[in-house]
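Asks: Please work out how this folds:
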Amino acid sequence: MNKMTKKIFEHDPYLKESWATIRDTKTVNGETWVALDQTIFYPEGGGQPADLGTIDGIPVLDVQINDNVVLHKLANQIEKSRVKLEIDFPRRFDHMQHHTGQHLLSAVWLEFFGIRTLSFHLGKEVCTIDLQVDELNEEQIQQVEAKLSHYIFENRTVENYQLPYEEIDKEKLVKLKDKPKFVRFIEIEGIDTSTCCGTHVRMLGELGLVKILGWEKNKQNVRLSFVCGARAFSFFQEVYEAVREVSKKLNIPPTLVKERFSGFYTGHQLLKRNHQKLYEKEIHNEAATIISEAINNVIEVSWENKPLQEMKDLAKIIIEAGDKVVIFHNKSQKTWILAASSSKLFHVGNCLQVLKERFGGKGGGNAVFGQWIGDVSQETWLAIKEELLHATKVHHD
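Replies: Numbers count the residues shown, from 1 in each chain. Take a look at the predicted model:
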């Protein structure tokens, strides 16, 4: 595989089908790779994933480049030499939108704030760029998005061309690792010129929209996420549906959700605090009732379907009263909550170990508090309960 592959995608990224001749086939670790005389398949590189599609109907699983030879990983071998290539064009066009969108986004951050882009990753769900800055603010993002929309509405052209390496200003070659005879450029009319091997749209209007989703700290820089085109449309559809659903429940227009949300949120927080106070009062009263009805220091209660968090809260209040062992059971969820005021009174960890060894299930905890989930009949539980209590030195006073 030593002859250079003609890269059709560099000159015509919109071509969906073509024909090619297989020059070489190799099997590496059980995988079939073929080299062609020419290809429309873009190989992984420059932050952009490889194209997918078929060669003579056989799925292309990966595309890589080595010494200017484009290698195609196939699901099966091909016996023919003359083959038809078909790429997954919706996926390719998505990549074209996002790679062009990245160039435009990076150019605007540099234009407005002098912030340089360090790297680019074209992901399946969102794309990211790493910016050479330690933080951003909402005002900057709004300015950048407004400028992005302005350039897209102007529908400026996007061209690609190659120049001899020796004729190019050295400052434009900083990103290049090698020294090729010719260097490929992507030029957005009047906005940006960058070296790039990726696939791009011809006009900025084809981006439709570039939407910044957010940013986060990444080491000493900022990682900014964004989507373009169809992905941006899908994002806004999801956001709109969410806002519309909220507006229905609040009986207000979608445009007023943001304005009214602050008041609703404040009211919700107040109700939440009041509910917590009532809950704490009720749970303490319930714990006091359970303690008062206990015959000895072993308190055992079974419920059909009591919330587990309530069971845990009750158990904690009861063991804090001192000299108590708690065995709570949720029948429908087959869950036991075990607790003790002291591990010397009852060692919960030892009990859990015995239960798991004998009956399986799962659970965990420490010496004084734990949970076990397992399927044990009432008769079996009664038979082993006294044994467990005795083994862990509980005294019925």
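
Asks: any idea where the helices of the stretch 1-150 of the chain begin and end?
Replies: 8-11, 89-113, 138-154 (DSSP state H, counting those that start in this stretch).

Asks: any chance of those helices in TSV, with distance to Tyr42 and mean neighbour count too?
Replies: The C-beta positions use only the backbone N, C-alpha and C, and glycine is treated the same way. Output for those, formatted as TSV (distance: least, C-beta to C-beta, whole Å; neighbours: other C-beta atoms under 10 Å):
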stretch	distance to Tyr42	mean neighbour count
helix 8-11	5	16
helix 89-113	7	21
helix 138-154	23	15
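
Asks: now for those, which one comes closest to His329?
Replies: helix 138-154 (51.9 Å; C-beta to C-beta).

Asks: pLDDT averaged over the closest one - what is it?
Replies: Helix 138-154 shows a mean pLDDT of 97.

Asks: Which SSE is immediately downstream of that helix?
Replies: Using DSSP states H and E, the helix or strand that follows helix 138-154 in sequence is strand 158-164.

Asks: closest to Phe182 out of the helices of the stretch 1-150 of the chain?
Replies: That would be helix 8-11 among these, by C-beta to C-beta, at 10.6 Å.

Asks: Now do that closest one: everything it contacts.
Replies: In this structure, residues lying in contact with helix 8-11 by C-beta atoms under 8 Å, 6 or more residues apart in numbering are Leu15, Ser18, Gln38, Thr39, Ile40, Phe41, Tyr42, Asp51, Asn160, Arg184, Cys197, Thr199.

Asks: quick one: contacts for the residue nearest to the first one when sequence neighbours are not counted?
Replies: To tie it back to what came earlier, the one meant is Leu15. Of all residues not flanking Leu15 in the chain, Ile40 sits nearest, at 5.3 Å (C-beta to C-beta, 6 or more residues apart in numbering). Going by C-beta under 8 Å, 6+ apart, Ile40 touches Ile8, Phe9, Asp12, Leu15, Lys16, Glu17, Ser18, Asp51, Leu85, Ile87.

Asks: Then Lys16?
Replies: Ile40, Glu86, Ile87, Phe89.

Asks: For the second one, which residues count as its bridge partners?
Replies: The reference is to Glu86. Following DSSP bridges, Glu86 is listed with bridge partners Glu17, Thr54.

Asks: Tell me the pLDDT of it.
Replies: 98.

Asks: Let me know whether it touches Glu17 as I believe.
Replies: Yes - using C-beta atoms under 8 Å, Glu86 makes contact with Glu17 at a distance of 5.1 Å.

Asks: And those two? Which one has more around it.
Replies: Set side by side, Glu86 and Glu17 show more neighbours around Glu86, with 16 against 12, by other C-beta atoms under 10 Å.

Asks: ok, that one - contacts?
Replies: Taking C-beta under 8 Å, 6+ apart as the test, what Glu86 contacts is Lys16, Glu17, Gly53, Thr54, Ile55.

Asks: separation between the first one and Tyr240?
Replies: Same thing as Lys16. Separation of Lys16 from Tyr240 (C-beta to C-beta, to the nearest Å): 32 Å.

Asks: repeat for the last one
Replies: When C-beta to C-beta is applied, the distance between Ile55 and Tyr240 equals 41 Å.

Asks: care to break the protein down by domain?
Replies: Domain assignment for the chain by automatic domain parsing gives 6-87, 92-237, 253-293, 295-391.

Asks: So which residues of the stretch 251-397 of the chain form helices?
Replies: Using DSSP H, counting those that start in this stretch, helices in the stretch 251-397 of the chain cover 257-293, 308-320, 348-359, 378-391.

Asks: Pipe the ones you listed into a markdown table and attach distance to Ala232 per row.
Replies: Formatted as a markdown table, those follow (distance: least, C-beta to C-beta, whole Å):
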| stretch | distance to Ala232 |
| --- | --- |
| helix 257-293 | 20 |
| helix 308-320 | 41 |
| helix 348-359 | 51 |
| helix 378-391 | 58 |
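
Asks: contacting residues around stretch 66-80?
Replies: So stretch 66-80 is contacted by 1-5, 7, 22, 25, 31-36, 39, 41, 43, 55-56, 58-65 (C-beta under 8 Å, 6+ apart).

Asks: Give me the buried entries from those.
Replies: Using 16 or more other C-beta atoms under 10 Å as the burial test, those include 5, 7, 22, 25, 32-36, 39, 41, 43, 55-56, 58, 60, 62-63, 65 as buried.

Asks: For Val301, the count of nearby residues, please.
Replies: 17.

Asks: Over to Gly45?
Replies: Neighbours around Gly45, by other C-beta under 10 Å: 13.

Asks: Show me what it bridges to in the sheet.
Replies: Gln48.

Asks: Number the residues from 21 up from this point.
Replies: Okay, using 21 as the starting number, the last item reads as Gly65.

Asks: List the contacts of it.
Replies: Ile85, Cys217, Gly218.

Asks: let's go with 10 Å and repeat that
Replies: Gly65 makes contacts with Val83, Gln84, Ile85, Cys217, Gly218, as judged by C-beta atoms under 10 Å, 6 or more residues apart in numbering.

Asks: Nearest residue to the middle of the protein?
Replies: Nearest residue to the geometric centre of the chain (C-alpha atoms, centre = their mean): Glu145, 8.0 Å.
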